[in-house]
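K.L.:
Got a sequence here, can you build the structure:
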Amino acid sequence: MKNSDKPYVILNAAMTVDGKIASKTGNSQISCDRDLDRVHRLRSEVDGIMIGIETVLADDSELTVRRVKGENPIRIVIDSKGRTPSDARVLDDSAPTIIGSSELIKDRDKKRLQSLNAEVIITGEETVDLSSLLQILKKEKGMNKLLLEGGSTLNWSMMKEGLVDEIRIAIHPTIIGGKDAKTLVDGEGMEKIRNGIKLSLMNTEKVGKDIVLTYEWGNQDND
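P.N.:
As a prediction, this is how the structure comes out:
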């Protein structure tokens, strides 16, 4: 997908063989050590990292480059109602933080987040207008490449709107099961397989115990 009005978006995720990105209790420590090195190297190569508020609340991610040399990218949190806790690590001073919010955010939460040196960008009435936010990140913040480390909900929203250009998935040789365990995407989903989002496999790589698959947004062959 080519869209010069937004950053190039890479969705990166680790999942089990049965497609789970977290266990039924929310544990998401899936990647092997070598894959974590790969992820941090990827972080060092982008202008920003995007996650959703549920990931902040579940993992308290810092979203910095620690395992390789490189500068910390700008952190973007999709948080429609301004629920990011004041003590969240994503608000520390290790990197700038942008909160993408909607008109549902209360003024006190907006001011609270701004007082913690986070920039609040409001797009959308009840949910964040992701397309508009990405355009702002490109045109006003100069972001050309963005890493999406979202959970099931944000991943689906970004893919449904056609805002993802590349997908990198590390498959860890484990099966955990659980009907309540999160998968790579959720949302309403497609009614038929033929209506699914089409991807083209660009590369496969063995990284430690894991296999990393790289897909480009695009049409599949019919064979």
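K.L.:
which residues touch the residue nearest to Asp129 when sequence neighbours are not counted?
P.N.:
Using CB to CB, 6 or more residues apart in numbering and skipping the chain neighbours, the partner closest in space to Asp129 is Thr123 (4.0 Å). To be clear about C-beta, it is placed using only N, CA and C from the backbone, and glycine gets the same treatment. Neighbouring residues of Thr123 by CB atoms under 8 Å, 6 or more residues apart in numbering: 100, 102, 129-130, 132-133, 136.
K.L.:
roughly how far apart are Thr123 and Leu104?
P.N.:
Computed as CB to CB, to the nearest Å, the Thr123 to Leu104 distance reads 12 Å.
K.L.:
next one: Asp186
P.N.:
Taken as CB to CB, the spacing of Asp186 relative to Leu104 amounts to 21 Å.
K.L.:
got it, and Gly151?
P.N.:
Summarising the geometry, the distance separating Gly151 from Leu104, computed by CB to CB, is 19 Å.
K.L.:
of those two, who's got more company?
P.N.:
With neighbours defined as other CB atoms under 10 Å, Gly151 and Leu104 compare such that Gly151 has more, 24 against 15.
K.L.:
Do I have it right that that one meets Ile53?
P.N.:
No. The criterion here is CB atoms under 8 Å, and Gly151 misses it with Ile53 at 9.3 Å.
K.L.:
Now for Asp93, how many residues are close by?
P.N.:
Using other CB under 10 Å, Asp93 has 8 other residues around it.
K.L.:
Could you list the low-confidence segments of the chain?
P.N.:
1-3, 219-223 (pLDDT under 70).
K.L.:
This structure: strands as residue ranges?
P.N.:
Using DSSP state E, the strands of the chain run over residues 8-16, 48-52, 74-78, 97-101, 118-122, 145-148, 166-172, 199-207, 210-217.
K.L.:
Just the C-alpha atoms of the third one, please, in PDB.
P.N.:
Looking back up the chat, that one is strand 74-78. Once non-C-alpha atoms are left out, strand 74-78 reads as follows in PDB (Å, rounded to 0.1, in the frame of the first residue of the first chain):
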ATOM      1  CA  ILE A  74       8.400   9.100  19.900                       C
ATOM      2  CA  ARG A  75       5.700   7.100  21.700                       C
ATOM      3  CA  ILE A  76       2.100   7.300  20.500                       C
ATOM      4  CA  VAL A  77      -0.800   6.000  22.600                       C
ATOM      5  CA  ILE A  78      -4.300   5.600  21.200                       C
END
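K.L.:
Could you list the paired strands of that strand along with their orientation?
P.N.:
In the sheet containing strand 74-78, its partner strands are strand 48-52 (parallel), strand 97-101 (parallel), by DSSP bridges.
K.L.:
Make a markdown table out of these and add distance to Lys192.
P.N.:
Conversion of the strands paired with strand 74-78 to a markdown table gives the following (distance: least, CB to CB, whole Å):
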| stretch | distance to Lys192 |
| --- | --- |
| strand 48-52 | 27 |
| strand 97-101 | 32 |
